[in-house]
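In: Got a sequence here, can you build the structure:
(2 chains)
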Amino acid sequence: MSMKTWFKSGSPWIWMSAGGVSLSLISVIGLLWLIAANGLSYFWPSDIHQFELQDSQGNKQTVIGEIYDREKIPRTQLSAQLNLPGDSETIERLLVKTGNRELVSLDFRWILVPQIAAQSTPEDIAVIERRTNGNFTAESRHCI
Amino acid sequence: MEALPTVILGFLAGLWLAPIIEDYLPAIFMMLVMLPITILLTAYGWNRLPKEIKFKVPETMAPLILIPMVILTVYLAFALSPVMEDVFFGGDIRQYITNDLGISFDQRNALVVGIAMGFAVIPTIFSMAEDAIFGVPKHLTSGSLALGATPWQTLIKVVILTASPGIFSAVMMGLGRAVGETMIVLMATGNTPIVDWSIFQGMRTLSANIAVEMPESEVGSSHYRILFLAAFVLFIFTFVFNTVAEFVRQRLREKYSSL
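Out: The predicted structure is shown next:
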């Protein structure tokens, strides 16, 4: 049937109402999934990575922690002094949740993927939750 | 939807939704345009399918057919949002709104609260309106359809008019719930006591004001009395509103019950 008769039959409005229903369905299920994912991830602790960083001056640094988030940002957002290799327009960076707040007073830090020299998941790193100064992340030598 | 406690809605709206809306503001407005277009295109596409497929996938399954389309449209809107921001707003829509349009932009604003409040209010309105519509006697719809009206015409001219008292009271109940809703507003607006029409500004409602200031006010002081006055104003407002709504409902019942 032609466009005009189809419009007159009122079918577009029926489909718009159906669209409202599907939007509500998606919202509810999406919300439940979001809450469940954020809450139940307590039972599946994430992997701890060890990153060896090297910046353009040759300074090396080791960071251990779990990867919390990743982001792609435009190169112009970063300081030009960093002298990052490559020519891409966006740079990926990882948000790493570290521990040991009494040694370094940062809980989270961003590390730039181009600056990662090596990344590994060593077997004997442990994260211990404590009451003060946040988590304690270290290499475990001995388990009683 | 009814099962979601409003504290969860409020805290998700303030913590999770507000930053997303701030980062992807063009996407929200694009969705307003793209979603109806996609739905209409899907509807027309379904209409042109051959009869065998239309028999297996009838029009009553429209919400299920539309779910993948809606998800695709939303994904597209969010993917195109940075591009739109670069092309039309010089890379940052918040700066554009603040500098060029002169409207200051808050992260926790009326838009976020509107979306969260929708979650809270829609189930109330929907269940009561659905009861009202299903309460319309069958012989009216059968008669209208038998006389040659399309289902949509029957809905608009017969069913909704007959069910209008029920639908109106459903809307009033939803409104009452929205006015009294404290937790969503507390967590998702900025609680700034500024009166402004802009959707990009925060607000402080009467109920949220009472919740925020009552623990801090000195017992017996003017502040204390004014908070009680605010509660009284809220009560009178809701009472008058509900009474007027009841009058309108009665008149609608007299007018359309004899259809």
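In: A:L112: what's it in contact with?
Out: Taking C-beta atoms under 8 Å, 6 or more residues apart in numbering or on different chains as the criterion, A:L112 is in contact with A:78, A:82, A:84, A:91-93. Just so you know, the C-beta spots here come from the backbone N, C-alpha and C atoms, and that holds for glycine as well.
In: and if we set it to 10 Å?
Out: A:53, A:55, A:73, A:78, A:82, A:84, A:91-94 (C-beta atoms under 10 Å, 6 or more residues apart in numbering or on different chains).
In: and what of B:P215?
Out: With contacts defined as C-beta under 10 Å, 6+ apart, B:P215 is in contact with no residue.
In: Please apply the same query to B:E246.
Out: B:165, B:168-169, B:172.
In: Can you name the residue of the stretch 51-200 of chain B nearest chain A?
Out: Proximity of the stretch 51-200 of chain B to chain A (C-beta to the nearest C-beta) peaks at B:W152, 2.2 Å away.
In: Any idea how far whichever helix or strand that residue is part of is from the middle of the chain?
Out: Following DSSP states H and E, one finds B:W152 within helix B:151-154. Offset of helix B:151-154 from its chain centre (C-alpha atoms, centre = their mean, to the nearest Å): 25 Å.
In: Can I take it that A:V63 is in a strand?
Out: Yes: counting by DSSP: H, G, I helix; E, B strand; the rest coil, one finds A:V63 located in a strand.
In: check contacts around the closest residue to it other than its chain neighbours.
Out: Setting aside the residues directly before and after it, A:V63 is nearest to A:F51 in space (C-beta to C-beta, 6 or more residues apart in numbering or on different chains), at 4.7 Å. Contact analysis of A:F51 by C-beta under 10 Å, 6+ apart lists A:61-65, A:67, A:94, A:96, A:111, A:113, A:115-120.
In: Let me have the contacts of B:E246 in a markdown table, extended by secondary structure.
Out: Formatted as a markdown table, the contacts of B:E246 follow (three-state DSSP):
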| residue | secondary structure |
| --- | --- |
| B:P165 | helix |
| B:F168 | helix |
| B:S169 | helix |
| B:M172 | helix |
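In: now A:T137, what's its secondary structure?
Out: Applying three-state DSSP: A:T137 is strand.
In: gap between it and A:L53?
Out: Noted for A:T137: a distance of 16 Å to A:L53, by C-beta to C-beta, to the nearest Å.
In: Which of the two has more residues huddled nearby?
Out: Each of A:T137 and A:L53 has its neighbours counted (other C-beta atoms under 10 Å in any protein chain shown); A:T137 has more, 19 against 16.
In: Tell me the backbone dihedrals of the residue lying farthest from the centre of chain B, please.
Out: The centre of chain B is farthest from one residue, B:G220, which by C-alpha atoms, centre = their mean lies 39.4 Å away. Dihedral pair for B:G220: phi 90, psi -10, per degrees, to the nearest 10.
In: Can you tell me how far it is from B:L227?
Out: Distance from B:G220 to B:L227, by C-beta to C-beta: 12 Å.
In: for chain A, which helix is longest?
Out: Longest helix in chain A by number of residues (criterion: DSSP state H): helix A:11-40.
In: Make JSON lines from the contacts of B:E246 and add pLDDT, distance to B:L12 and neighbour count to it.
Out: Formatted as JSON lines, these follow (pLDDT from 0 to 100; distance: C-beta to C-beta, whole Å; neighbours: other C-beta atoms under 10 Å in any protein chain shown):
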{"residue": "B:P165", "pLDDT": "89", "distance to B:L12": "35", "neighbour count": "21"}
{"residue": "B:F168", "pLDDT": "90", "distance to B:L12": "31", "neighbour count": "19"}
{"residue": "B:S169", "pLDDT": "89", "distance to B:L12": "30", "neighbour count": "20"}
{"residue": "B:M172", "pLDDT": "90", "distance to B:L12": "27", "neighbour count": "19"}
